[in-house]
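Colleague: With the input below, show me the fold.
(chains A, B, C, D, E and F)
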Number of protein chains: 4
Amino acid sequence: MTQPLLPDVRRPANGGPKAAARNRAALIVAAREIYAAQGLDAPLSAIARRAGVGQGVLYRHFPDRDALATAVLEENVRQIEQAAAAEDMSFADILGVLTWHLKESAAFLGLLHMRGSVDHSEALAHALALSDRVERALRERLPDGHRLGAANDLMLAVAMVSGAAGGPEREARERRAMAAWRLLGVEVGTVRPFDA
Amino acid sequence: MTQPLLPDVRRPANGGPKAAARNRAALIVAAREIYAAQGLDAPLSAIARRAGVGQGVLYRHFPDRDALATAVLEENVRQIEQAAAAEDMSFADILGVLTWHLKESAAFLGLLHMRGSVDHSEALAHALALSDRVERALRERLPDGHRLGAANDLMLAVAMVSGAAGGPEREARERRAMAAWRLLGVEVGTVRPFDA
Amino acid sequence: MTQPLLPDVRRPANGGPKAAARNRAALIVAAREIYAAQGLDAPLSAIARRAGVGQGVLYRHFPDRDALATAVLEENVRQIEQAAAAEDMSFADILGVLTWHLKESAAFLGLLHMRGSVDHSEALAHALALSDRVERALRERLPDGHRLGAANDLMLAVAMVSGAAGGPEREARERRAMAAWRLLGVEVGTVRPFDA
Amino acid sequence: MTQPLLPDVRRPANGGPKAAARNRAALIVAAREIYAAQGLDAPLSAIARRAGVGQGVLYRHFPDRDALATAVLEENVRQIEQAAAAEDMSFADILGVLTWHLKESAAFLGLLHMRGSVDHSEALAHALALSDRVERALRERLPDGHRLGAANDLMLAVAMVSGAAGGPEREARERRAMAAWRLLGVEVGTVRPFDA
DNA sequence: AATGAATGAGGATTCATTCAT
DNA sequence: GATGAATGAATCCTCATTCAT
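Modeller: Below is the predicted model of the structure:
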């Protein structure tokens, strides 16, 4: 209804339509960083600020909080799928990529820890779908007779390592994740992103 | 028309000093329930309401949000310590009590997952202290040659099971926690509170 | 989640529970004034400010925008009912009171004009109920053989006068309302509030 | 690999000057519909979307919100003027056209109800000018000795019927408008647009 | 010692308006 | 001339915290 009272002040440049894709990507990057630093409840305004865009842009691309978190997860999941699709990656290498995301992305942790929320049924459904994609990707490359071959053990193990990889002491996360895999008797390759 | 005026609002009874302890306990119970239902970010007012006390009482007993969460954890930890102190509990039984709290108490989960902390250094210190108490209690009763005997494995395993026990589907938590212990090759007794 | 960053600055006095009723009344008065000056879409913060209270108080007493508007209407309707219940008021006098509210209260106008809104079904129901109360009050005192005796004519006439009494030129409203009644051939007493 | 790169986004056709007039008309139609459905406060973006144009186009044609509303009214007024200019329309017929717009166009209602105006002096002036044109058109064809012949009665009656024709229950509007005219003792022809 | 109203900062969200393309 | 992304002010609303009673 009411117009802004100071519409005349200098307006920052408007990147034009070309910037749209760039902004979307910047938002996802910013979200991952802010999530890691402040948790999943971080103010959206902080994410927009870090991405260097106005709040409206965030809402244009992601209609709500969950949409943004989901987009961050998508990224993670896609990388794991790509790793799983690469011929020259062993199963252990793929777990290395998975572990990298586990230690890096608070949102990815949230995927399984999903706080006890009132009506997140939709977000939950999304999260489950993503979880399924991870499972499918991993299982396709699971060696015969692997220790985690039984029905539910694979994702259970992932959830367990994820639990071990929690905590705010960033530098400890990878170490603890590796120790967790070891405790499970599972071999893991180098912890690294897929092709960044 | 000339009767004395009634006090215009009924002032709720003031239980006197006796009520103070009762209120404190009620707040902790309420907090545990609300945390489970709404997550650790639930409004403090909801907790006070459920405890049947005013907001001021909450603040009298717990100067800030963390103090309350810590108090809830205290309870959990105390029970585990008591279980560990009981002669007739095997190590597996003690893990059963631990597991019960893991599955029951969102706050207890938060103990290890403790989101990314802007300035929670104090709360973090508290959490670490509590974690240490759990570790000490468990380790005292750890059988010689137990699978988790090595330096950091004990609490690492707890964190892993805690990761597995996450998720909002309440009825699945215990099942998953048990599966996690099994995957670790650790025997666990009945999942139950200590002496409720 | 995040606490205010400057919790230490001097806090304005808190009237205590005694102030609650006073505040509620002040909000209704303020709302009536702001509605008249700025329309029904005026920012709630403006109403709170004029009432001299914080925004939270407004929300405590009126959970949403409609609740506040309804409360203002309640006041209007109650006065009309009281006028209708007074032995010494003629029907024309009662219409005078009604007309006073018509000219004074933008919210009362909104009662019948109720903008073309998406999902105001609840507010609409409330408005209809209030409208019914006005009708009942008037009809009880409607003289036999009155020009507006037929089934729907009474409230239709009220709506018509209300249409005539619209417009922002405050000083013209009463004049136009009276002209409207005259055009309808209905006698109206002095335009005034009931017992202010 | 050596084909010329395709433009990466399909640029919507630019209709050239011919499209300008079409767009303007489409915007007015869209505005009328949206106003009816959502009220006069509907977002401008909704109007642009329904008209099938970008937001920029809306601003090219109508520098501000009021300009658009005014343009919608212009349309209404023009039709009434045309009806009044048609030889074969009786005064009652002309009122029928007027009534059609009254019941159809939320913007037209707003013309007289014009909410409380912080700084709408310009829009108000526009509205008054349009109102004058309606009055002039009607008065030119007003039969001698008509019930509404006296100085201000004509537009007062229009305002009154407009008040009666308010309310969101679309199907009831015409019925109530007709009842209002009847109560005023004024004969009205068929309720219909002028030459659609 | 308890109550619960009040405060007001901060975060969420919407939309008028501008502007690169 | 058109598009639609971007901006950011203003508003809505919630809740931690204080404080009169």
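Colleague: isn't A:Gly189 right up against A:Leu98?
Modeller: No - counting by C-beta atoms under 8 Å, A:Gly189 stays clear of A:Leu98, with 10.2 Å between them. (Each C-beta comes from the backbone N, C-alpha and C, glycine too.)
Colleague: higher neighbour count, the two?
Modeller: Neighbours around A:Gly189 and A:Leu98, counted as other C-beta atoms under 10 Å in any protein chain shown, are more numerous at A:Leu98. The numbers are 27 against 15.
Colleague: Give me the contact list for the helix or strand where that one lies.
Modeller: When secondary structure is defined by DSSP states H and E, A:Leu98 falls within helix A:91-104. Residues outside helix A:91-104 that contact it (C-beta atoms under 8 Å, 6 or more residues apart in numbering or on different chains): A:32, A:36, A:76, A:79-80, A:83-84, A:89, A:108-109, A:134, A:137-138, A:141-143, A:146, A:158, A:161-162, A:165, A:173-174, A:177-178, A:181, A:186-194.
Colleague: how does it look with 7 Å?
Modeller: A:76, A:79-80, A:83-84, A:108-109, A:138, A:141-143, A:158, A:161-162, A:165, A:173-174, A:177, A:187-194 (C-beta atoms under 7 Å, 6 or more residues apart in numbering or on different chains).
Colleague: and the helix or strand where A:Asp132 lies with helix A:91-104, angle?
Modeller: Element membership of A:Asp132, judged by DSSP H and E, is helix A:121-141. Our comparison of helix A:121-141 with helix A:91-104, counting by axes from the mean of the first three to the mean of the last three C-alpha atoms, to 10 degrees, yields an angle of 150 degrees.
Colleague: Can you pull the phi and psi angles for A:Gly149?
Modeller: Backbone dihedrals for A:Gly149, given as degrees, to the nearest 10, come out at phi -70, psi -30.
Colleague: What about the closest residue to it other than its chain neighbours, how many residues nearby?
Modeller: Counting by C-beta to C-beta, 6 or more residues apart in numbering or on different chains, A:Gly149 lies nearest to A:Leu142, which is 6.4 Å off, once chain neighbours are set aside. Burial of A:Leu142, expressed as a neighbour count using other C-beta under 10 Å, amounts to 16.
Colleague: Would you confirm that A:Leu142 contacts A:Ala151?
Modeller: No - under the criterion of C-beta atoms under 7 Å, A:Leu142 makes no contact with A:Ala151, lying 12.0 Å away.
Colleague: and the gap between A:Thr84 and chain C?
Modeller: Not Thr; residue A:84 is Ala. The spacing between A:Ala84 and chain C, counted by C-beta to the nearest C-beta, to the nearest Å, is 37 Å.
Colleague: follow-up on the earlier one: now the helix holding A:Asp132, how far from the chain's geometric center?
Modeller: In terms of C-alpha atoms, centre = their mean, to the nearest Å, the centre of helix A:121-141 is set 12 Å apart from its chain centre.
Colleague: quick one: contacts of it?
Modeller: The set of residues that contact helix A:121-141 without belonging to it, under C-beta under 7 Å, 6+ apart, is A:66, A:70, A:73, A:77, A:80-81, A:84, A:91, A:94, A:111, A:114, A:154-155, B:168.
Colleague: any chance of these in TSV, plus distance to B:Glu122?
Modeller: Formatted as TSV, the entries for the contacts of helix A:121-141 read as follows, by distance: C-beta to C-beta, whole Å:
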residue	distance to B:Glu122
A:Asp66	31
A:Thr70	33
A:Leu73	32
A:Val77	36
A:Ile80	37
A:Glu81	41
A:Ala84	43
A:Phe91	43
A:Ile94	40
A:Leu111	29
A:Met114	27
A:Leu154	39
A:Met155	36
B:Pro168	29
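Colleague: min pLDDT across these, which one?
Modeller: Per-residue confidence across the contacts of helix A:121-141 is lowest for A:Met114, with 54 (pLDDT).
Colleague: Kindly list the main-chain dihedrals of the residue nearest to A:Gly149?
Modeller: phi -70, psi 120.
Colleague: contacting residues around it?
Modeller: Taking C-beta under 7 Å, 6+ apart as the definition of contact, the neighbours of A:Leu142 are A:91, A:149, A:154.
Colleague: Show me how chain A divides into domains.
Modeller: Chain A resolves into domains spanning A:19-61, A:65-183 when parsed by automatic domain parsing.
Colleague: weakest of the ones you listed by average pLDDT?
Modeller: domain A:65-183 (a mean of 87).
Colleague: Give me the contact status of it with DNA strand E.
Modeller: Yes - for a cut-off given as C-beta under 7 Å from any atom of the strand, domain A:65-183 has contacts with DNA strand E, namely A:Arg65.
Colleague: So for that domain, first residue to last residue, what's the gap.
Modeller: 36 Å (C-alpha to C-alpha, to the nearest Å).
Colleague: now it, how far from the centre of its chain.
Modeller: Taking the mean of its C-alpha atoms, domain A:65-183 sits 9 Å from the chain's own mean (C-alpha atoms, centre = their mean).
Colleague: C-alpha coordinates for the host helix or strand of A:Ala46, PDB please?
Modeller: Counting by DSSP H and E, the element that carries A:Ala46 is helix A:44-51. What follows is helix A:44-51 as a C-alpha-only set of coordinates in PDB (Å, rounded to 0.1, in the frame of the first residue of the first chain):
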ATOM      1  CA  LEU A  44      17.400 -15.200   5.800                       C
ATOM      2  CA  SER A  45      18.500 -11.700   5.700                       C
ATOM      3  CA  ALA A  46      22.000 -12.700   6.700                       C
ATOM      4  CA  ILE A  47      22.000 -15.100   3.800                       C
ATOM      5  CA  ALA A  48      20.800 -12.500   1.300                       C
ATOM      6  CA  ARG A  49      23.400 -10.000   2.600                       C
ATOM      7  CA  ARG A  50      26.200 -12.500   2.300                       C
ATOM      8  CA  ALA A  51      25.100 -13.300  -1.200                       C
END
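Colleague: If we go by neighbour counts, what in it is buried?
Modeller: Neighbour-count burial for helix A:44-51 flags A:44, A:47-48, A:50-51 (criterion: 16 or more other C-beta atoms under 10 Å in any protein chain shown).
Colleague: Pipe those into a markdown table and attach distance to B:Leu102 per row.
Modeller: Compiled in a markdown table, the buried residues of helix A:44-51 are given as follows (distance: C-beta to C-beta, whole Å):
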| residue | distance to B:Leu102 |
| --- | --- |
| A:Leu44 | 32 |
| A:Ile47 | 32 |
| A:Ala48 | 37 |
| A:Arg50 | 35 |
| A:Ala51 | 37 |
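Colleague: tell me which of those is nearest to C:Arg24?
Modeller: Ranked by distance to C:Arg24 (C-beta to C-beta), those are led by A:Leu44 at 34.2 Å.
Colleague: Correct me if wrong: the closest one contacts A:Val57.
Modeller: No - using C-beta under 7 Å, A:Leu44 and A:Val57 do not qualify as a contacting pair, with a distance of 11.0 Å.
Colleague: all helices of chain A, in order?
Modeller: Assigned helices in chain A, in chain order: A:19-38, A:44-51, A:55-61, A:65-85, A:91-104, A:106-113, A:121-141, A:153-164, A:170-183 (criterion: DSSP state H).
Colleague: Which among these is found nearest to B:Ala26?
Modeller: Taking C-beta to C-beta as the measure, those were each checked against B:Ala26, and helix A:106-113 came out nearest at 28.6 Å.
Colleague: Pull the number of nearby residues for A:Ser162.
Modeller: What A:Ser162 shows, counting by other C-beta under 10 Å, is a neighbour count of 29.
Colleague: just checking, it touches B:Ala165?
Modeller: No - with the criterion set as C-beta under 7 Å, A:Ser162 and B:Ala165 do not qualify as a contacting pair; they are 11.7 Å apart.
Colleague: and A:Met155, what does it touch?
Modeller: Residues in contact with A:Met155, defined by C-beta under 7 Å, 6+ apart, are A:131, A:135.
Colleague: mind checking how far it is from D:Ala150?
Modeller: Distance from A:Met155 to D:Ala150, counting by C-beta to C-beta, to the nearest Å: 85 Å.
Colleague: residues near the closest residue in space to A:Thr190 that isn't next to it in sequence, how many?
Modeller: Distances taken as C-beta to C-beta, 6+ apart put A:Gly96 closest to A:Thr190, at 4.9 Å, once the chain neighbours are dropped. Using other C-beta under 10 Å, A:Gly96 has 22 neighbouring residues.
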